[in-house]
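S.K.: Coordinates for the following, if possible.
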Amino acid sequence: MKKLIILIVVVIVLSPFVISWLAGGVLQKGVEKGGTWALGSQTELSSASLSLLRGQVTMEELNIRNPEGFKADSALEVGSIDVKTALGSLMSDTIEIEYIDIAEPLITLEVNTGGSNFGALMDHLKSRTGGGEEEAKPAEKEEGASSKKLRIGRVTITSPKVRLAQSLLLKTEQTISLPTLELTDIGGSGEEKGASRDVTLPQLLEEILGTILAAVSRSGLAPPDLQGILDGEVAKNAAKFLKNVGGRIGEVGTEVKGAVKGVKDKIGGLLGGDEEGKKDE
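M.R.: Residues are numbered from 1 along each chain as shown. All right, here's what the predicted structure looks like:
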């Protein structure tokens, strides 16, 4: 009888830790599969843990690989991400998240003849949200997709650093620092402060990556030729996210179009692609 009581006590004491450990493994796999599906690029997470008492999820060492066609290994590396959630909502159709804190991410921004790696990721996200040329496929029918919605109070991206990878436009690698970014109108129009809407995982990732891309472009710290590419990517993919960095952009004007075309013509000339460029005109 005494041994049975001891066993029951041990089970009661250890149950929260066992549940947290099991839940952490499920979360890790879910983030990897969901991220890879949404971005079309391999997403890796070293570990995830869940605190039942605080309703907090901690993720360690997130790595989003570069899309095909780019040389650098990673597009985004984050040491840790903290998520505060309402535990009761995890089993519902809409997960309530108080905040997501992304600590000191390292972003690698790389360009080639087709544009930037972040532009490529954004294009894929648009296809998942129905904003691209391809019709978005029903989430529940695809591997790694989730039909759950997210309602998020804020996302904070603390002290992001952007590594401008070496390319035809940049002879040596450069690193620039951005101010901390805070998103409080997730899925909203920007007209009402804190008026977050329900979003899917691709929509959340689109807003986070779009805000980073807009912030780099808005900073004006990139070399002139690369700046032209970034402005074009923002105009194409991320103009609506300038609201998160205190800027606005209207319809793309002839100056931005001319700058982007000039940069692409320059790259084409370096690669001996003048004839192909003439055909496209």
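S.K.: contacting residues around Lys161?
M.R.: Glu104, Pro105, Leu106, Ile107, Thr175, Ile176, Ser177, Leu178 (CB atoms under 8 Å, 6 or more residues apart in numbering). In short, each C-beta sits where N, CA and C put it, glycine included.
S.K.: Next, Gly35: secondary structure please.
M.R.: helix (DSSP: H, G, I helix; E, B strand; the rest coil).
S.K.: what pLDDT does Gly228 get?
M.R.: Gly228 carries a pLDDT value of 84.
S.K.: before we move on, what SS does it have?
M.R.: Quick answer, by three-state DSSP: Gly228 is helix.
S.K.: Around it, how many other residues sit close by?
M.R.: Using other CB atoms under 10 Å, Gly228 has 23 neighbouring residues.
S.K.: And it, how far from Lys236?
M.R.: Per CB to CB, to the nearest Å, Gly228 is found 13 Å from Lys236.
S.K.: Then Leu121?
M.R.: Leu121 is 13 Å from Lys236, where distance means CB to CB.
S.K.: The two - which one has more neighbours?
M.R.: Between Leu121 and Lys236, Leu121 has the larger neighbour count (other CB under 10 Å), namely 25 against 15.
S.K.: Out of the contacts of Lys161, give me the one that has the most neighbours.
M.R.: Neighbour counts for those (other CB under 10 Å) peak at Ile107, which has 26 neighbours.
S.K.: Tell me the secondary structure at the closest residue to that one other than its chain neighbours.
M.R.: In space, and not counting its chain neighbours, Ile107 is closest to Val162: 4.7 Å by CB to CB, 6 or more residues apart in numbering. What three-state DSSP gives for Val162 is strand.
S.K.: Beta-bridge partners for Leu181, please?
M.R.: Counting by DSSP bridges, Leu181 is bridged to Ile157.
S.K.: if we can go back for a sec, tell me which of the contacts of Lys161 fall in helices.
M.R.: Among the contacts of Lys161, DSSP state H puts none in helices.
S.K.: Same list, those, but as TSV with pLDDT please.
M.R.: Shown next, in TSV, are those (pLDDT from 0 to 100):
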residue	pLDDT
Glu104	92
Pro105	95
Leu106	96
Ile107	95
Thr175	90
Ile176	88
Ser177	91
Leu178	91
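S.K.: Now, those that are in strands?
M.R.: In this view, those that belong to strands under DSSP state E are Leu106, Ile107, Thr175, Ile176, Ser177.
S.K.: Just the closest of those to Leu39, please.
M.R.: Among the ones in strands among the contacts of Lys161, Ile107 lies closest to Leu39 (CB to CB), at 13.8 Å.
S.K.: May I ask which helix or strand encompasses Gln28?
M.R.: Element membership for Gln28 (DSSP states H and E) is helix 2-39.
S.K.: Quick check: which element contains Gly187?
M.R.: Using DSSP H and E, Gly187 falls outside every helix and strand.
S.K.: gap between it and Leu168?
M.R.: 37 Å.
S.K.: Looking at the two, which has the bigger crowd around it?
M.R.: Higher neighbour count among Gly187 and Leu168: Gly187, with 19 against 14, using other CB under 10 Å.
S.K.: Can you give me every residue that contacts that one?
M.R.: Ile152, Ser196, Arg197, Asp198, Val199, Gln203, Leu204, Glu207.
S.K.: Turn those residues into a markdown table, including pLDDT, distance to Met91 and neighbour count.
M.R.: Shown next, in a markdown table, are the contacts of Gly187 (pLDDT from 0 to 100; distance: CB to CB, whole Å; neighbours: other CB atoms under 10 Å):
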| residue | pLDDT | distance to Met91 | neighbour count |
| --- | --- | --- | --- |
| Ile152 | 93 | 18 | 23 |
| Ser196 | 61 | 21 | 19 |
| Arg197 | 82 | 21 | 14 |
| Asp198 | 89 | 16 | 15 |
| Val199 | 91 | 19 | 20 |
| Gln203 | 92 | 21 | 21 |
| Leu204 | 93 | 19 | 21 |
| Glu207 | 92 | 25 | 23 |
